[in-house]
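**Q** coordinates for the following, if possible.
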Amino acid sequence: MGQRKQIVILVFIFFTSLVLITRISKDSQIAGKGENNSAHAQGGGYHIYLPLVMKIVSTTSHYWVISSPDFNPYSLGQADAQEHQPVIQSGNRIIFLVSLGQPCQTGGDYGSYSYDQQNVCHTTGEFLTHIENFLDGYCTKMHSLRPGASGQNCGYRYNPTAAPVIFAFGPNNCGSLYCDPNNTPNTVTYANGQAWGALVENVTGFVVSRGYSYQIFVAGAMDIEGSWNTYANTRAWLNGLLNTAPYKPFYNYGTCDCPDTYNPYGLFHHDWNYSRTFEVSFSIGFLGDVIPEIYHTNGVDATRWQGVSKWAVNNGFGRAVFNQLLTEYGACTQT
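**A** Have a look, this model is predicted:
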């Protein structure tokens, strides 16, 4: 019986190796024919540059409309906990993303405009209150579904090694009228980024003090779109955020406003290029990552990110890896 099991294992290993060898050979043949799934690097040899999409982490996103009379962050938190609990129990992780609009400044305070009232600037102090209420609702519900141990106030700890819920929030990089960086004033600034970094730290302190940190990990985020602002302004905001919250993850939940097909000399918006798009998507801060928006149904989002991945391979960074994606339900139902 033991010998038969060994033979089966050896046969499995042989055929697995054969498949891999065949696949590598096939990729090399395709590359040699100039197909667009690999890039020739200096020094010889072919390297696959197509982005790698990992097992997708469950991603939930909200656009908070704070001025709405129906806006109730505590109730929103409870509803999301009811939906997330089975996902967490199954051993999966969740990225919970709150998009908070266009950055703004009112007096000496910073924040972002409401989505439905572009003349109402909500400060980071307001957002702190709303986020605290949301997380209280979320964790109260999680705890009612299955209580945690002593000191664990956000439900049962299904994952003993890492917090399964990443709570990320932030504005977009539209900093002026009509998202035209030539218009003034520009609100995507270093000081504005500092205010959002302070908010990230304050939310982290709240999560720890409430006994939620084993379940929730706090991160900063921004909807970065090349057509909305310059790299210089966007990078200044990021520097302010990262210098204030240096050990927190950052997520770019924006678009790749690059040429539709790979072209390092193609037309980019403002002062953007592949290098800068890669930088703000994969190498920002303590743990930089991207949640690419997939809003088109014609495949153009994929080919644009392919270009970033090919640039990364050609410049020694390796191909892009996507751990999560952001889609609109309406776009999904059309594909």
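**Q** hmm, Phe206 and Leu135 touching each other?
**A** Yes - applying Cβ atoms under 8 Å, one finds Leu135 in contact with Phe206, separated by 7.1 Å. Glycine gets a C-beta too; all of them are placed from N, C-alpha and C.
**Q** settle it for me: which of those two has more neighbours?
**A** Leu135 (26 against 18; other Cβ atoms under 10 Å).
**Q** what sits against the residue lying closest to Pro185 once chain neighbours are set aside?
**A** The shortest distance from Pro185 to any non-neighbouring residue, by Cβ to Cβ, 6 or more residues apart in numbering, is to Ser176 (6.8 Å). Contacts here follow Cβ atoms under 8 Å, 6 or more residues apart in numbering; on that basis Ser176 touches 182-187, 229.
**Q** among the residues you listed, which two are most distant?
**A** Asn182 and Thr187 (14.2 Å; Cβ to Cβ).
**Q** of the two, who's got more company?
**A** Neighbour count, other Cβ under 10 Å: between Asn182 and Thr187, Thr187 has more, with 24 against 10.
**Q** work out for me the element that one sits within.
**A** Counting by DSSP states H and E, there is no helix or strand that carries Thr187.
**Q** can you tell me which residues contact it?
**A** Per Cβ under 8 Å, 6+ apart, neighbours of Thr187: 102-105, 175-176.
**Q** among the residues you listed, which ones are in strands?
**A** When DSSP state E defines the strands, the subset of the contacts of Thr187 inside them is 103-105.
**Q** in the stretch 101-250 of the chain, which spans are helices?
**A** All helices of the stretch 101-250 of the chain, identified by DSSP state H, counting those that start in this stretch, fall at 124-145, 190-210, 231-244.
**Q** give the buried residues for the shortest one.
**A** The reference is to helix 231-244. With burial defined by 16 or more other Cβ atoms under 10 Å, the residues of helix 231-244 counted as buried are 231, 233-242, 244.
**Q** among those residues, which pair sits farthest apart?
**A** Tyr231 and Thr244 (20.4 Å).
**Q** what domains does the record give for this structure?
**A** According to automatic domain parsing, the chain comprises the domains 1-35, 41-332.
**Q** thought Pro249 was touching Val290?
**A** No - applying Cβ under 8 Å as the test, Pro249 and Val290 come out as separate, 11.5 Å apart.
**Q** quick revisit: would you tell me which one of the helices of the stretch 101-250 of the chain is buried the most?
**A** Ranked by average neighbour count under the criterion mean count of other Cβ atoms under 10 Å, those are headed by helix 231-244 at a mean of 21.
**Q** what about this protein, any weak spots by pLDDT?
**A** 1-48, 53-57, 286, 327-335 (pLDDT under 70).
**Q** just the strands from the stretch 151-300 of the chain, written as ranges.
**A** Here the stretch 151-300 of the chain has its strands, by DSSP state E, counting those that start in this stretch, at 165-170, 216-222, 250-252, 288-290, 293-294.
**Q** for the last one, packing partners?
**A** For strand 293-294, the packing partners by 3 or more Cβ pairs under 8 Å, 6 or more residues apart in numbering; DSSP states H and E come out as helix 300-314, strand 326-327.
**Q** contacts for the first one?
**A** Which is helix 300-314. Around helix 300-314, the neighbours that count as contacts under Cβ under 8 Å, 6+ apart are 36, 39, 41, 47-51, 255-264, 274-275, 277-278, 281-282, 292-295, 318-320, 322.
**Q** just put the helices of the stretch 101-250 of the chain in CSV and tack on distance to Asp70.
**A** Converted to CSV, those look like this (distance: least, Cβ to Cβ, whole Å):
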stretch, distance to Asp70
helix 124-145, 14
helix 190-210, 23
helix 231-244, 30
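**Q** the ones you listed: which one's closest to Thr59?
**A** With Cβ to Cβ as the criterion, Thr59 lies closest to helix 124-145 of the helices of the stretch 101-250 of the chain, at 16.0 Å.
**Q** so which elements touch the closest one?
**A** Against helix 124-145 (3+ Cβ pairs under 8 Å, 6+ apart) you get helix 73-89, strand 109-113, strand 165-170, helix 190-210, strand 216-222.
**Q** from the chain's centroid, how far away is that helix?
**A** 21 Å (Cα atoms, centre = their mean, to the nearest Å).
**Q** and stretch 199-218, by the same measure?
**A** Mean C-alpha position of stretch 199-218 versus that of the full chain (Cα atoms, centre = their mean) differs by 19 Å.
**Q** which other residues reach that stretch?
**A** Here stretch 199-218 has contacts from 88, 124, 127-128, 131-132, 135-136, 138-139, 142, 148, 151-155, 157, 162-169, 219-220, 241, 244-245, 248-249, using Cβ under 8 Å, 6+ apart.
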